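Undergrad: with the input below, show me the fold.
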Amino acid sequence: MHENPSREEIRNLLEGARNVAVVGLSESPYRTSHAIARFLQNAGYRIFPVNPNLKGPVLGEEPYATVEEIPERVDIVDVFRRSELTPPVARDAAVAGARAIWLQLGVYNEEAARYAGEHGLTVVMDRCIKVDHAALLGR
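TA: Numbering: from 1, shown residues only. Predicted coordinates for the structure are as follows:
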């Protein structure tokens, strides 16, 4: 059974990250994914929208259909998808060379965690990146 990294490991991950792919990002400002992506931008991260249904920029950034298509190295893949849809995202994140996959609050999948962990990614599940950022970095 997966165990999330320690608070210190999560703090180090957040402090060392610059690029965050937001999988499932919605163009609607009323969706949680949009609000958290905007928070991440305001906190100094560069976000990369990942959603094959997006037709134009979101929060000023061009969208991608997959993490692998992003032309820069991604530090964290922040996932806003249903739990059962996360194993392909874990594979995409691993192929792209991401450092970590972060499944948002309410999202939990052992298969995705196992695959990502076996491919060297730090795995955080069922936690909100915004809440952890505020609690651990105070910004």
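Undergrad: CA atoms for contacts and neighbours, from now on please.
TA: Fine.
Undergrad: quick check: beta-bridge partners of residue 77?
TA: residue 21, residue 101 (DSSP bridges).
Undergrad: can you check the pLDDT for it?
TA: Looking at residue 77, its pLDDT is 98.
Undergrad: okay, now it: neighbour count?
TA: If you count neighbours by other C-alpha atoms under 10 Å, residue 77 ends up with 29.
Undergrad: and residue 107, how far is that from residue 71?
TA: 27 Å (C-alpha to C-alpha, to the nearest Å).
Undergrad: ignore the last one, residue 31
TA: Taking C-alpha to C-alpha, one finds residue 31 at 26 Å from residue 71.
Undergrad: got it, and residue 19?
TA: In this view, residue 19 and residue 71 are 11 Å apart by C-alpha to C-alpha.
Undergrad: settle it for me: which of those two has more neighbours?
TA: More neighbours surround residue 19 than the other of residue 19 and residue 71, with 20 against 9 (other C-alpha under 10 Å).
Undergrad: isn't the more buried one up against residue 49?
TA: No - contact criterion C-alpha atoms under 8 Å: residue 19 and residue 49 do not qualify, at 10.9 Å.
Undergrad: any chance you could map the strands in the protein?
TA: Here the chain has its strands, by DSSP state E, at 19-23, 46-50, 76-79, 100-103, 122-124.
Undergrad: counting neighbours, what do you get for the nearest residue to residue 110 once chain neighbours are set aside?
TA: Leaving aside its sequence neighbours, residue 110 sits nearest to residue 2 (C-alpha to C-alpha, 6 or more residues apart in numbering; 6.6 Å). By other C-alpha under 10 Å, 14 other residues sit near residue 2.
Undergrad: identify the residues contacting residue 2.
TA: 110, 113, 114 (C-alpha atoms under 8 Å, 6 or more residues apart in numbering).
Undergrad: what separation do you get for the first one and residue 116?
TA: With distances defined as C-alpha to C-alpha, the gap from residue 110 to residue 116 amounts to 10 Å.
Undergrad: these two: who's more crowded?
TA: Set residue 110 next to residue 116 and count neighbours by other C-alpha under 10 Å: residue 116 wins out with 25 against 15.
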